[in-house]
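Visitor: Sequence first, predicted model second:
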Amino acid sequence: MSVNDEIYNSYLRKLGSAARNSSLRTALERAIESYRRNRDEAFKLYPYVERKASKLRKIKKNSLLRIEELIKQTRDVVEDLKGNFYMAENAYKALEYVKSVVKGAETVVKSKSLTMEELNINSELERIGCKVFETDLGEFIIQQLKSKPMHLLSPAIHIPREKVAKLLSKITGKKLPAEIPILVKEVRNYLRQKFVEADVGLTGANAVVAETGSVFIIENEGNARLVSGLPEKHIVVAGIEKVIPTLSDAMLLVEVVTRYANYKAPTYVSIVSGPSKTGDIEKKIVYGAHGPKEFHLVLLDNGRKEMAKDPVYRQALYCLRCGGCLYECPVYSLVSGYFGHVYMGGIGAILTRFLLGGLEKAAPIAYTCTLCGRCKKHCPMEIDVPEMMLKLREEIVGKGMVPFKLKENLKNATGVNTD
Amino acid sequence: MVKKVLLWQGCNYRKNLPNDLNNIFTLFNKLNIEVTTLEEELCCGFPLIIGGFRNKAKKNAKEIIETLNRFNLVVTPCPACQRAFKEFYMSKLGLKIKPGVVHVTQFLWGLIKKGKIKPKFKHLEEEKVMYHDPCELGRHMEVYEEPRKIISLIPNVKLYKPKYTKEKSICCGGGGLLASFFPTLSVKIAARKLIIEDEIPKDLKLIVTACPQCILTIRRAVDIFLNREMKVTNVSGLLIRFLT
């Protein structure tokens, strides 16, 4: 057996066992049902959201076409605001930058960010002696269980409440019942102190505004507010595709992503433009008032510019990470995030190829997609996943990484020599 | 001028579903529809193109086009072949094909609409039927109405409408070569679709669809996971049961 087939086989084993897991099935069906119900309600209330989505699509597309110019504008404005700006070519450089800012800090709090997974940031910061706390409830559970996020927005989608109760009982030393409100309250109490203690707060961003250097962070729990507001330093790590021209573009994005993520309105949108400041004494501006004294914006390339150059793959950068496609995917509905590497689902295959994992990790995901195109019909950005998948599969074939069995089956079925 | 019509059968029907393919010939005989078939058919290249082997699809495609260009119209029961001819030959291989290419259901509905065939139906007992939209025919080529219109002509056939149909319909799991890469998962997707998404009612005993890959996948799911009496057929199969 080739190395290739070992990779495929270990992936298929995991996928197979996920498909047989009945508690995963229950959790998923509940989540899918509730997602669709909420989304349909939100769409009924705001029927114009689809129109807004297509307007946003144009903005995202045009932004990527002049990304260099927008990055430069962002840098100038952020620096003018007395913030720090760093353009990281790759994950390693981004990580080194973050480490240099974090250095000496004891406690780091973090709000959910898939982009930061590209940096493998938690383990890297722990290695230099920091304690890193995920503060999004789902991410916190995943981190404590040393498990893997299974959805973009609901990372602990696969973990039933009983398991959470057991985990939290261990952490708090109390015997906790499997009642969700009690469990939520316990996590709140536990993390409250970490927010106060933390020297550094790490967040991602849903949008970065070139015109004003503002970072938009959308959330419901309120943790990102605390992460970005309490510690002395706030570091934002965001992919370059998050940069859009204006504040009103970002407001449009807030509306669209919220509804497609099945919420009527986001509980919190934090808009951060540089470090906190005051001019209340003699109109002299002092940086570092109640909020962070230092603000760092790290824009991450890490393969994105290469993607942006390709007219087919470019679409994947329009993705708003609303997670809607996953609930509509026939494969994800059965196996959750096992259909993926860190980035999940069909679009996850493309993101894996360019951003995290490379062709080797992307290949098994690519051949798990049924190319049904249902995700495209539900995507606010109308991202054509099947079209991208065909291109990705050609790359896989070109590199001789196609699964052996598939190649043989194709040869037999088509009568064409696939060697 | 007599229109020369080719019935392109497709590998999947010829190799894996000869009986279901025969439904089409039986139907055409009963309705006096004249078509030509080829003694030998090469693979249209669809599985190669979607598998990432686009370059391997060109040789057959060139030969096929030469043959197809001798006809005025190509009719096929396989949406994958249809999409290869209609879309992929141009977009993926840069090859042009002269005749129009339609699905059997489009062809039949065209003849019915123009009054060229007048199928007469028996009044059998009322039967509930679900139409499954194949992704290739539906979402990818936007053929939604013709199969439904044909089915609705049959007296006493009641169409069960699942929650998600047409452009929102749910894939059977047999597409994209998943049936070859991970057959078990592909069949489980079909079972989940029928039970959870379609919520097929207890008195539904017949699923009609318009794609050989869907027929194969849904049949396997019924055999392995459904544990109930359920037939899966194509539109022609349904029609011949009710024709006088």
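Guide: Ah, there it is.

Visitor: quick check: longest strand of chain B.
Guide: Longest strand in chain B by number of residues (criterion: DSSP state E): strand B:127-132.

Visitor: Assign a three-state SS to residue 158, would you?
Guide: Went with chain A since none was named. Assigned with DSSP: H, G, I helix; E, B strand; the rest coil, A:His158 falls in the coil class.

Visitor: ah, no, chain B please
Guide: strand.

Visitor: what number of residues lie near it?
Guide: Using other CB atoms under 10 Å in any protein chain shown, B:Lys158 has 14 other residues around it. For every residue, glycine as well, the C-beta is placed using N, CA and C.

Visitor: for A:Lys175, same thing?
Guide: Should you count by other CB under 10 Å, A:Lys175 turns out to have 8 residues around it.

Visitor: Now do the same contact list for it.
Guide: Counting by CB atoms under 8 Å, 6 or more residues apart in numbering or on different chains, A:Lys175 touches A:Ser169.

Visitor: From A:Ser169, how far out is it?
Guide: 6 Å (CB to CB, to the nearest Å).

Visitor: quick one on the thing from earlier: which residues touch the longest strand of chain B?
Guide: Residues from elsewhere that reach strand B:127-132, judged by CB under 8 Å, 6+ apart: B:147-148, B:151, B:156-160, B:162, B:165, B:169, B:172, B:198, B:200-201, B:203-209, B:214, B:218, B:238.

Visitor: so where's the stretch 151-300 of chain A uncertain?
Guide: Along the stretch 151-300 of chain A, the model assigns pLDDT under 70 to residues A:152.

Visitor: Please, where are all the strands along it?
Guide: Counting by DSSP state E, counting those that start in this stretch, the stretch 151-300 of chain A has strands at residues A:200-203, A:207-209, A:214-219, A:233-239, A:243-244, A:268-272, A:277-278, A:286-287, A:294-300.

Visitor: What of chain B?
Guide: Listed in chain order, the strands found in chain B under DSSP E are B:5-7, B:73-76, B:100-103, B:127-132, B:157-160, B:206-209, B:231-234.

Visitor: picking that back up, quick one, which of the strands of the stretch 151-300 of chain A is packed in tightest?
Guide: strand A:200-203 (a mean of 28; mean count of other CB atoms under 10 Å in any protein chain shown).

Visitor: ok, now how distant is B:Asp223 from chain A?
Guide: Plainly put, B:Asp223 is 18 Å away from chain A if you go by CB to the nearest CB, to the nearest Å.

Visitor: Please verify my assumption that B:Leu238 contacts B:Ile154.
Guide: Yes. Using CB atoms under 8 Å, B:Leu238 is in contact with B:Ile154, at 7.1 Å.

Visitor: Which of the two has more residues huddled nearby?
Guide: Using other CB under 10 Å as the criterion, B:Leu238 and B:Ile154 rank with B:Leu238 on top: 24 against 21.

Visitor: burial of the residue nearest to the more buried one when sequence neighbours are not counted, as a residue count?
Guide: Distances taken as CB to CB, 6 or more residues apart in numbering or on different chains place B:Val208 nearest to B:Leu238, at 5.0 Å, with adjacent residues excluded. Close neighbours of B:Val208, defined as other CB under 10 Å, add up to 24.

Visitor: List the beta-bridge partners for B:Val208.
Guide: Beta-bridge partners recorded for B:Val208 (DSSP bridges): B:Tyr131, B:Thr233.

Visitor: what's it in contact with, if anything?
Guide: B:Val129, B:Met130, B:Tyr131, B:His132, B:Pro147, B:Ile151, B:Val232, B:Thr233, B:Asn234, B:Val235, B:Gly237, B:Leu238.

Visitor: Mean confidence (pLDDT) on stretch A:88-104, please.
Guide: For stretch A:88-104, mean pLDDT is 97.

Visitor: Same check on stretch B:131-144?
Guide: What stretch B:131-144 shows for mean pLDDT is 98.

Visitor: quick revisit: which of the contacts of B:Val208 lies closest to chain A?
Guide: B:His132 (12.3 Å; CB to the nearest CB).

Visitor: who in the stretch 151-300 of chain A is up against chain B?
Guide: Residues of the stretch 151-300 of chain A lying close to chain B (CB under 8 Å from any CB of the partner chain): none.

Visitor: How many neighbouring residues does the closest residue to chain B within the stretch 151-300 of chain A have?
Guide: Relative to chain B, the nearest point of the stretch 151-300 of chain A is A:Tyr260 (15.2 Å; CB to the nearest CB). Using other CB under 10 Å, A:Tyr260 has 24 other residues around it.

Visitor: same thing with B:Lys58?
Guide: Neighbour tally, B:Lys58, other CB under 10 Å: 17.

Visitor: Please tell me how far it sits from B:Ser91.
Guide: Counting by CB to CB, the gap from B:Lys58 to B:Ser91 is 13 Å.

Visitor: so who does the residue of the stretch 151-300 of chain A closest to chain B touch?
Guide: A:Tyr260 sits next to A:Arg39, A:Val49, A:Ala53, A:Leu320, A:Cys322, A:Gly324, A:Pro380 when contact means CB under 8 Å, 6+ apart.

Visitor: A:Lys264 contacts A:Phe43, correct?
Guide: No. Using CB under 8 Å, A:Lys264 is not in contact with A:Phe43; the gap is 10.0 Å.

Visitor: Emit the PyMOL select command for whichever of the contacts of strand B:127-132 are buried.
Guide: The PyMOL command for the buried members of these (criterion: 16 or more other CB atoms under 10 Å in any protein chain shown) is given here:
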select buried, chain B and resi 147+148+151+157+160+162+165+169+172+198+200+204+206+207+208+209+214+218+238
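
Visitor: I'd guessed B:Lys96 sits against B:Asn69; true?
Guide: No. Applying CB under 8 Å as the test, B:Lys96 and B:Asn69 come out as separate, 9.4 Å apart.

Visitor: what about the two, which has more around it?
Guide: B:Asn69 (13 against 9).

Visitor: could you list every residue that touches that one?
Guide: Contacts of B:Asn69 (CB under 8 Å, 6+ apart): B:Ile97, B:Lys98, B:Pro99.

Visitor: try A:Ala198
Guide: A:Ala105, A:Thr107, A:Val108, A:Val109, A:Phe133, A:Val227, A:Leu230, A:Pro231.

Visitor: Who wins on neighbours among those?
Guide: When neighbours are counted by other CB under 10 Å, A:Val227 leads the contacts of A:Ala198 with 31 neighbours.

Visitor: Quick check: closest non-adjacent residue to that one.
Guide: Excluding the flanking residues, the one nearest A:Val227 by CB to CB, 6+ apart is A:Gly201, at 4.0 Å.
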